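*Asks:* Just a sequence and a predicted model for now, questions to come.
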Amino acid sequence: MRIISGFLKGRRIKELKGFHSRPTTDFAKEGLFNILEHSTVIDGALILDLFTGTGNISYEFISRGAKTVFSVDSNYASVKFVKKTSKFLNISNTCHQIVKSDAIKYLNTCELDFNIIFADAPFEYSDYEGLIDTVKTKSKLKANGVLIVEHFKKVDLSNLNGYQKSHMFGNVCFSFFNFE
């Protein structure tokens with residue numbers, strides 16, 4: 001895994017040994033950030049990265065100028081790895097907050113709202129509707145904010161509340177949601 005653009009461009013992130021995660025491929029990540037570059041302001045944004053895993057997406061947002069990224073995962077090994085990698089990359093705690101929590105519980109208790117929420121749940125995850133509804137009902141997006149859900153290409157989220165569009169990169173699909 002490598003950081004594609006920004007001030008950390010080219011830096012590599014080691015794989016988390018013994019952790020069976022599915023990091024977003026560089027191909028899919030590059031496609032996602034090309035879309036965001038033309039539709040969303042990342043510089044100065046407040047970002048929530050749910051199911052952060054290795055932190056791969058969080059570092060890309062940080063590298064591209066996000067004000068603060070909140071990386072949330074319920075797995076202790078993942079949180080430990082992201083903290084270690086953040087320290088290795090010399091990222092300040094004010095720019096990168098790392099939280100061990102269940103995604104839905106975090107959404108229910110967090111008092112912030114975000115410009116971008118990125119959710120990359122495990123492929124076996126089944127409560128996409130609950131996740132999306134929680135973002136909406138708890139008003140977790142700022143005006144013009146976007147929720148991006150990464151999922152397996154065979155999962156169809158187009159019938160869910162706030163759905164805008166999807167983009168596919170190999171087996172990965174990014175579905176975009178807005179609630180205005």
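*Replies:* Structure's in. What do you need?
*Asks:* Please write out the alpha-carbon positions of the lengthiest strand in the chain in CSV.
*Replies:* Assignment by DSSP state E gives strand 141-152 as the longest strand of the chain. C-alpha atoms of strand 141-152 as CSV (Å, rounded to 0.1, in the frame of the first residue of the first chain):
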residue,chain,number,x,y,z
LEU,A,141,-22.8,15.3,7.5
LYS,A,142,-22.3,19.0,7.2
ALA,A,143,-24.1,20.8,4.4
ASN,A,144,-23.1,19.4,1.1
GLY,A,145,-21.3,16.5,3.0
VAL,A,146,-21.0,13.1,1.4
LEU,A,147,-21.1,9.6,2.7
ILE,A,148,-19.1,7.1,0.7
VAL,A,149,-19.6,3.4,1.3
GLU,A,150,-17.1,1.0,-0.1
HIS,A,151,-18.6,-2.5,-0.8
PHE,A,152,-18.3,-5.6,-3.0
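*Asks:* So which elements touch it?
*Replies:* strand 114-119, helix 128-137, strand 172-177 (3 or more C-beta pairs under 8 Å, 6 or more residues apart in numbering; DSSP states H and E). In this view, the C-beta of every residue, glycine as well, is placed from N, C-alpha and C.
*Asks:* residues of the longest one that come out buried?
*Replies:* Across helix 128-137, burial judged by 16 or more other C-beta atoms under 10 Å covers 128, 131-136.
*Asks:* swap in stretch 148-163?
*Replies:* Those would be 148-151, 157, 160, 162-163, for stretch 148-163 by 16+ other C-beta under 10 Å.
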